[in-house]
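1. my questions are about this predicted structure, shown below with the sequence.
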Amino acid sequence: MKRSAGILLWRRKRKEFEFFLVHPGGPFWRNRDAAAWTIPKGAIEPEEEPLAAARREFAEETGFAVDGDFLELGDFKQPGGKHVLVWALEGDCDAARLVSLEFEMEWPPRSGKRARFPEVDRGGWFGVAEARGKLLVGQRPMLDTFLKRMSKA
């Protein structure tokens, strides 16, 4: 079973929740916006604690280190079968200062040429409705779980 870990970073602006989401880099995602954004997340390495993996992946994809009181949201099965363990964290960062690691792939396809692309090409803060529209469909339950938990707090 493939497992990943991620962090849903949130803040309050004018008593409303906002969420930090990232847009995947690379040519496949270049012209996609609706239902294309994600929380910063990635693979859990063998012998790695899931929260440590989530924190590492957040830093690799954004350039920002995160720390604080993490709220475990749960294990979310994605449409492709991967499981993502997710934590919420209240925090802030300047989306304009995002710096991501890169990956390499053949581009254009079947050209024999290699090109490098950022893992994520940008980040942004979004209110609840806008975040729901931007998030990949399989990640929307993460947002719903967070909102349910916060309504009971």
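-> Cool, got the structure. Here the structure is a predicted model, which is why all the values come from computation and not from measurement.
2. drop to CA atoms for contacts and neighbour counts, all remaining ones
-> Fine.
3. count of neighbours near the nearest residue to residue 24 once chain neighbours are set aside?
-> Spatially, and ignoring its direct neighbours in sequence, residue 24 is nearest to residue 120 (4.2 Å; C-alpha to C-alpha, 6 or more residues apart in numbering). When neighbours are defined as other C-alpha atoms under 10 Å, residue 120 has 25 of them.
4. ramachandran coordinates for residue 120?
-> phi -130, psi 140 (degrees, to the nearest 10).
5. what pLDDT, on average, does the strand ranked longest in the chain get?
-> When the chain is parsed with DSSP state E, its longest strand is strand 3-13. On average, the pLDDT along strand 3-13 is 97.
6. ok, stretch 44-58 next?
-> Across stretch 44-58, pLDDT averages out at 97.
7. got the end-to-end distance for that stretch?
-> 12 Å (C-alpha to C-alpha, to the nearest Å).
8. show residues contacting that stretch.
-> Stretch 44-58 is contacted from outside by 3-7, 40-43, 64-66, 85-87, using C-alpha atoms under 8 Å, 6 or more residues apart in numbering.
9. most widely separated two among those?
-> By the measure C-alpha to C-alpha, 3 and 64 form the most distant pair in the contacts of stretch 44-58, at 22.3 Å.
10. which one of the two has more residues nearby?
-> Higher neighbour count among residue 3 and residue 64: residue 64, with 20 against 17, using other C-alpha under 10 Å.
11. measure the more buried one to residue 33 for me?
-> Counting by C-alpha to C-alpha - residue 64 and residue 33 are separated by 23 Å.
12. got it, and residue 139?
-> 15 Å.
13. ok, the two, which is more surrounded?
-> Taking neighbours as other C-alpha under 10 Å, residue 139 and residue 33 compare with residue 139 leading, 20 against 14.
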